[in-house]
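In: With the sequence up front, the predicted model follows.
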Amino acid sequence: MPEPHSSSSSSSLSGDRRAAASPAAAGAPAPASRGGLDGYFRITERGSTIGREIRGGLVTFFAMCYIVVLNPLIIGTVPDSTGAYLGGGTEPNLAAVAAGTAVVAGVLSIFMGAWAKFPLALAAGLGLNAFLAYSVVSLPGMTWAGAMGLVVIEGILILILVLTGFRRAVFDAVPPFMKTAIGVGIGLFIAFIGLFNARFVTHAAGTPVQLGNDGSLVGWPTLVFVVGLLLMFVLWVRKVPGAILISIVIATVLAWVIERFAGVGAYSDGSRGDAPNPHGWSMNVPSLDSFPIQLPDFSTLLTVDPIAGITAAGAVGATVVVFSLLLADFFDTMGTMVAVASEADLLDEKGDIPHSQRILIADSVAAIGGGLGGVSSNTSFVESTAGVADGARTGLAAVVTGLAFLATMFFAPLVAMVPYEAATPALVMVGFLMMTQVTSIDFTDMEKAIPAFLTIILMPFSYSITVGMGAGFLMYVLIRVVRGRGREIHPLMYVVSALFVLYFLRGAIESLIA
């Protein structure tokens, strides 16, 4: 994103693509008013078509449908302090958590698309769900219903911040170059997620990460990832419509054929007592072992008790939990919204986003909806940029993604056929597209270069959007103050920086309170 407009600073492939796809951004007169879906979502006005929106919505779905499998593995396999699992019972009920994850993501994505008219899909937030599973439900007396109650409280508070204008005011206070850095950092972050989830890079004994499992590329799943990624880049430079979706489908079919004849199986490091399989599929095994249609189990819905959550954690403990959820949700969404808008060329000359207040309200409602659905706080998914990269520009794409999630409740076996190795090349592609915005940051100006640098590198290195944003904001304020320009800083930037100090020190604060 240039400062402040992303399509004006480079002749990159991404910039050329957006300029061609967005007549409004290029200065062309707005098309005449249209009716139906086109008029409601302003599809033609944003340089798109209904076909592109449908395709983009499906690409976003395939890029993030892993959450239907992964969320149950995180929150569905951990008992609360009473020994009960989410959905009830003394044994994991993964089918119920998967169904709840899908239905909540579907309803909220449709709400975002239809009401906020923005190509942004929502689902259970990674990091937020892990925080609940590994740090909250183990508190003495805490139940899953109580933990979800705290999620609802966090959602209500963040909705209040939106309705009072505070959340939008913070967004407006962020300097344009920092918004650009946020987009670039998120690009590197999701590219790293794609590489790591496909096990193209892995943990290593002597170094933080390495190529493949042993410093080289071995195994059929790796071949699928490489083929999918190379095909995606080739189709992209050839300007083939639907390059990302075509690549995902072809890679999935290739994976299914390989599994059918080679019997690769799921990845395992042997830590659970099973036989090690270091060259297996990272998440979903691309096979169809059951009837493709199943009836969903909704036993996680409305398993929520805010009073029990406050009682178990105590007033201070509940405050710490809610604050941690709120701060991560608050700034992750801001960064994701900027990333999607800049990739879709929907930022105006001031860096503003159409319907931004509605977007923030929909995201806040998602936190409440995730708690009520018993599947953890739902939030905006940066994988939405994959759909945008494939042509999505309007809320219709998010509606399509939502409908696909709802269908997942009944067609879970088909969704489970898409392995990470087939879907994550899309994240690497999007990371490249978002990285092209870096040319608009003036790295000769240290007031911009150092905060931007920290923002960009700490997102992938700390595996957190919030950490990258916090480090960048704090450094921006510090440099301006030491150079005697503190009065030029928007007052809200001081408030946000103070909150980030508390966020970074929350472990020490919790220890002192304990």
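Out: Thanks, I have it. As the structure is a computational prediction, the values presented were derived from the model and not from experiment.

In: C-alpha from now on. contacts and neighbour counts both.
Out: Will do.

In: Identify the residue nearest the residue nearest the centre of the chain in space, chain neighbours excluded?
Out: The C-alpha lying nearest the average C-alpha coordinate of the chain belongs to F381 (C-alpha atoms, centre = their mean; 2.7 Å). In space, and not counting its chain neighbours, F381 is closest to L122: 5.5 Å by C-alpha to C-alpha, 6 or more residues apart in numbering.

In: Which pLDDT value does the model give the one you found?
Out: pLDDT recorded at L122 is 95.

In: Bridge partners for it, pull those for me.
Out: On the basis of DSSP bridges, L122 is bridged to S380.

In: S380 is in contact with that one, correct?
Out: Yes. Using C-alpha atoms under 8 Å, L122 is in contact with S380, at 4.5 Å.

In: Give the residues shared as contacts by these two.
Out: D363 (C-alpha atoms under 8 Å, 6 or more residues apart in numbering).

In: Rounded mean pLDDT for stretch 139-151, please.
Out: 92.

In: hey, C-alpha coordinates of it in PDB?
Out: Extracted in PDB, the C-alpha atoms of stretch 139-151 (Å, rounded to 0.1, in the frame of the first residue of the first chain):
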ATOM      1  CA  LEU A 139      -8.100 -22.700  36.100                       C
ATOM      2  CA  PRO A 140      -9.600 -24.200  39.200                       C
ATOM      3  CA  GLY A 141     -13.300 -24.400  38.900                       C
ATOM      4  CA  MET A 142     -13.400 -23.200  35.300                       C
ATOM      5  CA  THR A 143     -15.700 -25.000  32.900                       C
ATOM      6  CA  TRP A 144     -15.900 -24.700  29.100                       C
ATOM      7  CA  ALA A 145     -19.200 -22.900  29.500                       C
ATOM      8  CA  GLY A 146     -17.500 -20.400  31.900                       C
ATOM      9  CA  ALA A 147     -14.600 -19.800  29.400                       C
ATOM     10  CA  MET A 148     -17.100 -19.200  26.600                       C
ATOM     11  CA  GLY A 149     -18.900 -16.800  28.900                       C
ATOM     12  CA  LEU A 150     -15.700 -14.700  29.200                       C
ATOM     13  CA  VAL A 151     -15.400 -14.700  25.400                       C
END
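
In: how much distance is there from it to the middle of the chain?
Out: 24 Å (C-alpha atoms, centre = their mean, to the nearest Å).

In: swap in stretch 279-296?
Out: With C-alpha atoms, centre = their mean, you get 23 Å for stretch 279-296.

In: Also stretch 387-407?
Out: 14 Å.

In: Next up, the contacts around the residue nearest to the centre of the chain.
Out: M64, L120, A121, L122, A123, G125, T336.

In: Pull the contacting residues for the first one.
Out: Which is M64. Going by C-alpha under 8 Å, 6+ apart, the list of residues near M64 reads F381, E383.

In: Averaged over its residues, which helix or strand of this structure has the lowest pLDDT?
Out: helix 13-21 (a mean of 38; mean pLDDT, DSSP states H and E).

In: quick revisit: okay, the residue nearest to the centre of the chain: pLDDT?
Out: pLDDT, F381: 89.

In: can you check I75 too?
Out: 85.

In: Distance of the closest residue to it other than its chain neighbours relative to L230?
Out: Leaving aside its sequence neighbours, I75 sits nearest to A133 (C-alpha to C-alpha, 6+ apart; 5.4 Å). Counting by C-alpha to C-alpha, to the nearest Å, the gap from A133 to L230 is 37 Å.

In: Equivalent analysis for A404, please.
Out: 27 Å.

In: and those two? which has more neighbours close in?
Out: Shown here are A404 and L230; by other C-alpha atoms under 10 Å, A404 has more neighbours (24 against 15).

In: That one: what's it in contact with?
Out: L58, F61, G106.

In: So I54 sits against V400, correct?
Out: Yes. Contact criterion C-alpha under 8 Å: I54 and V400 qualify, at 6.0 Å.

In: quick one, which of those two is more surrounded?
Out: V400 (26 against 20).

In: Please give me every residue in contact with that one.
Out: E53, I54, G57, L58, I110.

In: Which residue, other than its chain neighbours, is closest to V304?
Out: Nearest-residue entry for V304: A145, 4.1 Å, with adjacent residues in sequence omitted and distances by C-alpha to C-alpha, 6+ apart.

In: other SSEs contacting the top helix by length along the chain?
Out: Secondary structure of the chain per DSSP state H: the longest helix is helix 306-343. Helix 306-343 sits against helix 144-163, helix 176-197, strand 378-380, helix 384-389, helix 425-435, helix 465-482, with contacts defined as 3 or more C-alpha pairs under 8 Å, 6 or more residues apart in numbering; DSSP states H and E.
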